[in-house]
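**Student:** Requesting a structural model of the entry that follows:
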Amino acid sequence: MYRIQAYSYFHTFGTVSQNLNLLEQEGLIERNGYFESTGGRKANAIQIVSDFRVSIGIGILKNMFHITAVDLYGNAFYTDTIPLPYSDTPDYYKQVTDKVKEFIAVKQYDEEKILGVSIATQGITSPDHTTVLYGNIMNNAGMKLDDFSRHLPYPCYLEHDSKSAAFLELWNHPELDSAVVFLLNRNLGGAIITNHLIHQGSSMHSGTLEHMCINPDGPLCYCGNRGCLETYCSANSLEHAADMTVKEFFPLLREKKSPQLTQIWEDYLNHLAFAMKNLNLVIDAPIIISGYLAPYFTEEDIEYLAEHINASSPFALDRTHILVGTNGQYTPAIGAALYYVEKFIQAV
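**Tutor:** Below you'll find the predicted structure:
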């Protein structure tokens, strides 16, 4: 937790002391004990009040949506999943935004406490983040930010779910300058981080690694082409191969009693390693495994990936350069919420 150390000599610097007092009066900071003495009077430990402002994130999926609330430290202190099939109707958008208003009402938050509401959706947005331009998964091309914002008295933002997921991973790994993010959700996604920023591209589709063709004669993808990585490494493809849900698959897999399930998982990892190897040749940077399937990965799985990546690459990828996210299915919604947290921090 970030802290500001207020030493006993602050009385000689009136402006600093006055500013701290003002921030305390406004409720942004609070005193939280003392630091160990270094010879003089013990210094006050001052910290940011985590929920002085909060940001709301929504993750829109085909048959449900996630809602999360994030504090100023980036902690998601509230998450929920609401089953609701997507439809491009006024009633759908009102139901989603009503859930946001319901959460705020239950918490009894004043309007000024809400930094904004950020929506992560399966679909590539326009450069001004007002419209979905490509949305074959949900058939939501044409979805507009205004469909949501007209029902909410807060600033609103629209982003591709993979880019929101990458934002969360960048928040969690601020030391990274560059990275490739694999969003292992029900549908596969991806993003590229360069120069500590999410790379959007000239037409906003940078990082759509899900449509890399790894087998021209492979299964049909929702994009209309065959053999896309989506058809091999999405959670949906894993469930299809195993003929069971992810929640059923992994406990049985870890028992190591089924050669069939072991083979299905190895096939999945082999395709993932193939894509990781090729992308690492293009972008020499750490790889982040993120999203719904990430919490199911074990150290053994990561070692397997590293071994298979390096077996066919002239340039070794260090095991420590494969990172695993921890926020699971809520990753895009949390990353979306962080958009307004970041804006607030930069403005303070």
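**Student:** Using CSV, write down the CA coordinates of stretch 122-137.
**Tutor:** Extracted C-alpha coordinates of stretch 122-137, given in CSV (Å, rounded to 0.1, in the frame of the first residue of the first chain):
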residue,chain,number,x,y,z
GLN,A,122,-16.1,-8.4,-27.2
GLY,A,123,-15.6,-6.3,-30.3
ILE,A,124,-13.1,-3.9,-31.8
THR,A,125,-14.0,-0.3,-31.1
SER,A,126,-13.6,2.8,-33.2
PRO,A,127,-10.6,5.0,-32.5
ASP,A,128,-12.7,7.4,-30.5
HIS,A,129,-14.1,4.5,-28.4
THR,A,130,-17.8,5.4,-29.2
THR,A,131,-18.8,2.5,-31.4
VAL,A,132,-18.1,-1.2,-31.9
LEU,A,133,-16.8,-1.7,-35.5
TYR,A,134,-16.3,-5.4,-35.5
GLY,A,135,-18.3,-7.8,-33.3
ASN,A,136,-18.8,-11.2,-34.9
ILE,A,137,-18.9,-13.1,-31.6
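**Student:** Just the buried positions in it, please.
**Tutor:** By 16 or more other Cβ atoms under 10 Å, the buried positions in stretch 122-137 come out as 122-125, 129, 131-135, 137. In this view, the C-beta of every residue, glycine as well, is placed from N, C-alpha and C.
**Student:** Look up which residues are beta-bridged to residue 194.
**Tutor:** Bridge pairing for residue 194 (DSSP bridges) gives the partners residue 197.
**Student:** residues contacting it?
**Tutor:** 177-178, 283 (Cβ atoms under 8 Å, 6 or more residues apart in numbering).
**Student:** Dump these into CSV; add distance to residue 96, pLDDT and neighbour count as well.
**Tutor:** CSV is the format used below for those (distance: Cβ to Cβ, whole Å; pLDDT from 0 to 100; neighbours: other Cβ atoms under 10 Å):
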residue, distance to residue 96, pLDDT, neighbour count
177, 36, 95, 12
178, 34, 97, 15
283, 35, 95, 16
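**Student:** just the helices in the stretch 151-300 of the chain please.
**Tutor:** For the stretch 151-300 of the chain, applying DSSP state H, counting those that start in this stretch gives helices covering 161-172, 230-233, 235-242, 246-255, 259-282, 299-311.
**Student:** Surely residue 211 is in contact with residue 227?
**Tutor:** No. Checked against Cβ atoms under 8 Å, the pair residue 211 and residue 227 is beyond contact range at 10.0 Å.
**Student:** Give me the common contacts of those two.
**Tutor:** residue 221.
**Student:** Please name whichever of the helices of the stretch 151-300 of the chain is nearest to residue 337.
**Tutor:** helix 161-172 (8.6 Å; Cβ to Cβ).
**Student:** Relative to the whole chain's centre, how far out is that closest one?
**Tutor:** 4 Å (Cα atoms, centre = their mean, to the nearest Å).
**Student:** Show me which residues of it are buried.
**Tutor:** So, applying 16+ other Cβ under 10 Å, buried residues of helix 161-172: 161-170, 172.
**Student:** can you pull out the helices in the stretch 1-150 of the chain?
**Tutor:** For the stretch 1-150 of the chain, the helices defined by DSSP H, counting those that start in this stretch cover 14-26, 90-107, 145-149.
**Student:** By mean pLDDT, show me the worst of the ones you listed.
**Tutor:** In terms of average pLDDT, helix 14-26 trails the rest of these, at a mean of 62.
**Student:** Among the buried residues of stretch 122-137, which lie within strands?
**Tutor:** 124-125, 132-134 (DSSP state E).
**Student:** Pick out the most distant pair among the residues you listed.
**Tutor:** Distance extremes for those: the farthest pair is 125 and 134 at 8.9 Å, using Cβ to Cβ.
**Student:** Could you tell me which residues touch both of the two?
**Tutor:** Joint contacts of residue 125 and residue 134 (Cβ under 8 Å, 6+ apart) do not exist.
**Student:** Now for residue 299, how many residues are close by?
**Tutor:** 9 (other Cβ atoms under 10 Å).
**Student:** That one and residue 202, how far apart?
**Tutor:** Distance, residue 299 to residue 202, by Cβ to Cβ, to the nearest Å: 39 Å.
**Student:** Can you list the low-confidence ranges for this protein?
**Tutor:** Along the chain, segments meeting pLDDT under 70 span 1-14, 16-46.
**Student:** could you dump the helices of the stretch 151-300 of the chain to TSV with distance to residue 182?
**Tutor:** Formatted as TSV, the helices of the stretch 151-300 of the chain follow (distance: least, Cβ to Cβ, whole Å):
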stretch	distance to residue 182
helix 161-172	9
helix 230-233	8
helix 235-242	12
helix 246-255	16
helix 259-282	7
helix 299-311	10
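**Student:** Tell me which of those helices is the most buried.
**Tutor:** Stretch with highest mean neighbour count among those: helix 161-172 (a mean of 27; mean count of other Cβ atoms under 10 Å).
**Student:** just checking, what packs against it?
**Tutor:** strand 54-60, strand 114-121, strand 179-184, strand 188-194, strand 197-198, strand 287-290, helix 331-347 (3 or more Cβ pairs under 8 Å, 6 or more residues apart in numbering; DSSP states H and E).
**Student:** can you give me the angle the second one makes with strand 54-60?
**Tutor:** The directions of strand 114-121 and strand 54-60 differ by 20 degrees, with axes from the mean of the first three to the mean of the last three Cα atoms, to 10 degrees as the criterion.
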